[in-house]
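**Student:** the sequence and its predicted three-dimensional model are supplied below.
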Amino acid sequence: MHNRRLWQPDQARISQSNLHQFMGEVNRFHGLQLQTYAELYQWSVEKTTRFWPLVWQHCGVKGELGNIVAENRQTMQHARWFPDSRLNFAENLLRRQDESPAIIASLEGSQRRTLSWRELGQQVASLAQWLRGQGIGKGDVVAGYLPNIPEALVAMLAATSLGAIWTSTSPDFGEASVVERFGQTRPKVLFAVDGYRYNGKAVDIQDKVAKVACQLDRLEHLILIPLLGLTPNHAGADNLPLQDWHQLLASQEGASLRFEPMAFNDPLYILYSSGTTGKPKCIVHGIGGTLLQHLKEHQLHCDIKPGERVFYFTTCGWMMWNWLASA
C-alpha cells in the first residue's frame, strides 16, 4: 500500500506561520540552522530545558520566569518544572481589555451573544471580588455544573484569578455521576444552571442540582445561572441559600481585576477519568504546565493568531473545554 500526500502548505504559508517564526528564534538564540519541522521537533525533545523557556518567552507569558528550568528530571513523577517561577493563569488569558470580541456564544433557542474583552474582564472582576469576600482563595475548589456558556468561562477565570482550583462537569450528567466526581474534590462553591435545551426540548435540572448540593459536605455557596429563566425551585438544598448570578454580579459593580501570583506547579484544574474502569479518578493539572502546553498547541501546532476565531464543540465535562478556554 502506497502512502499518498494529500496536502502540503506552500512556502509562503510556511514562512508566515508561528512555527516558522519560532524556529527562527531558536536558530538565532542558540546559533543553530534548523530548517524543517522534523529538525525542530528533534531538538525540542533533546533540549527540553532550552525549548520550554523559549516557549514562555515567544508566547509572552505574563509572570516571573525564575532561574531554575527543571529539577529531578531523571524520574517523571518527581520532576518539577520552573519551581521558582510565578504567574497567574487568569491574568494570562485576560491580557487584552478592549472592545473586540472575546466570546461569541450561540445556544439552542437563544439569541447569539458577544462579550468583548472589556466586558469579560468586568464580569470576572465582579465575580472574583464576591468570591474573595466569601473567603475563597488559594487551594479552594470551585465547581461548575454547567454547559459550555460564557458564564462558565467567567466563573473559571474568577476562581483561578484568586488561586482557587476549577473543576467542572456537564448538566446532562446524572446526579450519581456528578456526586462521584465532585464528592471527591469537595468544592466550597458550586455554579449551576436551572436547565438547558437539547434537541428542541427544555430540560429542568433544578431538583438534580439541589440533590447534588446536599451531598457535597464542604459546599458553602450555590449560585444559579437562570439559563432557561425558570421560577427558582429551592427544594432539597437544606441550609444552603440559593444565589442568583445576575444579582451577585450587580452587587459587585465597579470591581477591578486583581490576580494572585501563584507557583508554576500549583494546581489549576481537576479533571476526571471517564468512569469506564470504575469510579472516576481525579486528574490534577498545574497552572504553568497547562498554560505553556496550551500556548504551544494553539500557537505552534494550530497556528492560531490574534483575532482569529476558534470553535470546538464540547461540554464542560470534557478536557477539550479547558483547551478551548485557553484560546
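**Tutor:** The structure has been received and is ready for your questions.
**Student:** all strands for the stretch 101-250 of the chain, in order.
**Tutor:** 101-105, 113-116, 141-145, 165-169, 189-193, 195-198, 201-204, 221-225, 242-244 (DSSP state E, counting those that start in this stretch).
**Student:** next, the angle from the fifth one to strand 165-169.
**Tutor:** Meaning strand 189-193. With axes from the mean of the first three to the mean of the last three Cα atoms, to 10 degrees defining the directions, strand 189-193 sits at 30 degrees from strand 165-169.
**Student:** for strand 189-193, name the packing helices and strands.
**Tutor:** Counting contacts by 3 or more Cβ pairs under 8 Å, 6 or more residues apart in numbering; DSSP states H and E, strand 189-193 packs against strand 141-145, helix 150-161, helix 206-214, strand 221-225. C-beta coordinates here come from the backbone N, C-alpha and C atoms, glycine included.
**Student:** mean pLDDT added to those, as a markdown table?
**Tutor:** Shown next, in a markdown table, are these (pLDDT from 0 to 100):
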| stretch | mean pLDDT |
| --- | --- |
| strand 141-145 | 98 |
| helix 150-161 | 98 |
| helix 206-214 | 96 |
| strand 221-225 | 97 |
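**Student:** out of the ones you listed, the one nearest residue 84 is which?
**Tutor:** helix 150-161 (20.7 Å; Cβ to Cβ).
**Student:** flag the shaky bits of the stretch 101-250 of the chain, pLDDT-wise.
**Tutor:** 234-239 (pLDDT under 70).
**Student:** that older thread, output the strands of the stretch 101-250 of the chain as a markdown table; include the columns distance to residue 26 and mean neighbour count.
**Tutor:** Converted to a markdown table, these look like this (distance: least, Cβ to Cβ, whole Å; neighbours: other Cβ atoms under 10 Å):
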| stretch | distance to residue 26 | mean neighbour count |
| --- | --- | --- |
| strand 101-105 | 31 | 15 |
| strand 113-116 | 35 | 15 |
| strand 141-145 | 38 | 26 |
| strand 165-169 | 33 | 25 |
| strand 189-193 | 42 | 25 |
| strand 195-198 | 46 | 18 |
| strand 201-204 | 51 | 14 |
| strand 221-225 | 45 | 22 |
| strand 242-244 | 50 | 15 |
